[in-house]
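Engineer: starting from these lines, generate the structure:
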Amino acid sequence: MTMPNRAATFRVPNMSRAHRAPSLVGLAAGLLFSSVFLSSKPARADTTIAGDLDWAIPIDASSRTNSGGGFGIRLGQQLHVPLIALTPEIGFTWAQFGGDFDPTIYRGLAGLRLGVGEIIRPGVYAHAGIGHLSWSAPRGLPDPSHTAFSFDAGAFLDFTLLPLLNIGVHGAYNQLSGGDFIDASKWATVGAHAALVF
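Structural biologist: Numbering: from 1, shown residues only. Okay, here's the model as predicted:
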């Protein structure tokens with residue numbers, strides 16, 4: 001006589017989509033947290049040496065000054081934690097404009113640069129310092145050349161994946177206070193830059 005097989009059978013209940021969705025969201029959130037915070041490099045400070053190539057555009061519509069080229073060099077200390085890079089820096093800029101008397105502006109500046117992100121890093125910056133406006137004024141005319149307070153404020157977009165090298169583009173508003181014979185000089189700059197980070 002054979003006994004009926006009464007071995008217990010187990011059935012795994014089917015999970016509905018409504019139950020599976022929270023589990024998938026939780027898994028994705030956990031992976032994102034791990035990749036960003038647990039595997040990120042620790043906070044560090046790096047030296048930065050950067051160079052800018054600029055196109056300078058006068059803002060004053062009544063000015064008889066034309067656009068021209070320029071450059072800048074910067075030295076800073078980048079304080080880097082996951083997703084945030086803060087760089088106090090000092091720098092020198094030079095801009096040569098066309099038009100009447102070929103004005104040239106030299107500046108020594110100090111300021112901050114703040115970027116957010118790791119591979120693609122948008123950010124903002126601002127500097128303040130001293131600038132000198134030099135004009136080639138004909139003999140007999142008042143010379144508007146002078147030294148005065150200057151500042152800039154702008155935004156940038158960096159690509160940071162290359163070892164030791166960040167590259168990017170930027171745009172800024174710039175101003176040099178006026179002198180005895182001239183109002184404040186205002187101009188925009190757009191350009192590209194590269195920075196060694198080590």
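
Engineer: all strands of this protein, in order?
Structural biologist: Ranges of strands within the chain are 44-58, 65-66, 68-81, 84-96, 98-99, 104-116, 120-134, 146-159, 165-176, 185-197, based on DSSP state E.

Engineer: what would those look like in CSV with distance to residue 140 and mean neighbour count?
Structural biologist: In short, each C-beta sits where N, CA and C put it, glycine included. Shown next, in CSV, are the strands of the chain (distance: least, CB to CB, whole Å; neighbours: other CB atoms under 10 Å):
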stretch, distance to residue 140, mean neighbour count
strand 44-58, 25, 16
strand 65-66, 21, 16
strand 68-81, 26, 17
strand 84-96, 24, 18
strand 98-99, 20, 14
strand 104-116, 21, 18
strand 120-134, 18, 17
strand 146-159, 19, 17
strand 165-176, 25, 18
strand 185-197, 23, 18
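
Engineer: could you dump those to a markdown table with mean pLDDT?
Structural biologist: Formatted as a markdown table, the strands of the chain follow (pLDDT from 0 to 100):
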| stretch | mean pLDDT |
| --- | --- |
| strand 44-58 | 97 |
| strand 65-66 | 90 |
| strand 68-81 | 97 |
| strand 84-96 | 98 |
| strand 98-99 | 86 |
| strand 104-116 | 98 |
| strand 120-134 | 97 |
| strand 146-159 | 98 |
| strand 165-176 | 98 |
| strand 185-197 | 97 |
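
Engineer: what's near enough to touch the residue nearest the centre of the chain?
Structural biologist: Among the residues of the chain, residue 156 comes closest to the average C-alpha position under CA atoms, centre = their mean, at 3.4 Å. Neighbour list for residue 156: 113, 115, 122, 123, 124, 125, 168, 169, 170, 171, 193 [criterion: CB atoms under 8 Å, 6 or more residues apart in numbering].

Engineer: try 7 Å this time
Structural biologist: 123, 125, 168, 169, 170 (CB atoms under 7 Å, 6 or more residues apart in numbering).

Engineer: and the furthest pair within those?
Structural biologist: The span of those, defined through CB to CB, is set by 125 and 169 at 12.8 Å.

Engineer: just the pLDDT at residue 141, thanks.
Structural biologist: Residue 141 carries a pLDDT value of 81.

Engineer: I'd like the distance between it and residue 82.
Structural biologist: 57 Å (CB to CB, to the nearest Å).

Engineer: so those two - more neighbours on which side?
Structural biologist: Taking neighbours as other CB atoms under 10 Å, residue 141 and residue 82 compare with residue 82 leading, 14 against 10.

Engineer: quick check: the more buried one vs residue 104, distance?
Structural biologist: Note on residue 82: its distance to residue 104, by CB to CB, is 42 Å.

Engineer: tell me the bridge partners for the residue nearest to the centre of the chain.
Structural biologist: residue 123, residue 170 (DSSP bridges).

Engineer: repeat that for residue 187.
Structural biologist: residue 58, residue 174.

Engineer: show me the contacts for it.
Structural biologist: Applying CB under 7 Å, 6+ apart, the residues near residue 187 are 56, 57, 58, 59, 174.

Engineer: do residue 108 as well
Structural biologist: Residue 108 sits in contact with 92, 129, 130, where contact means CB under 7 Å, 6+ apart.
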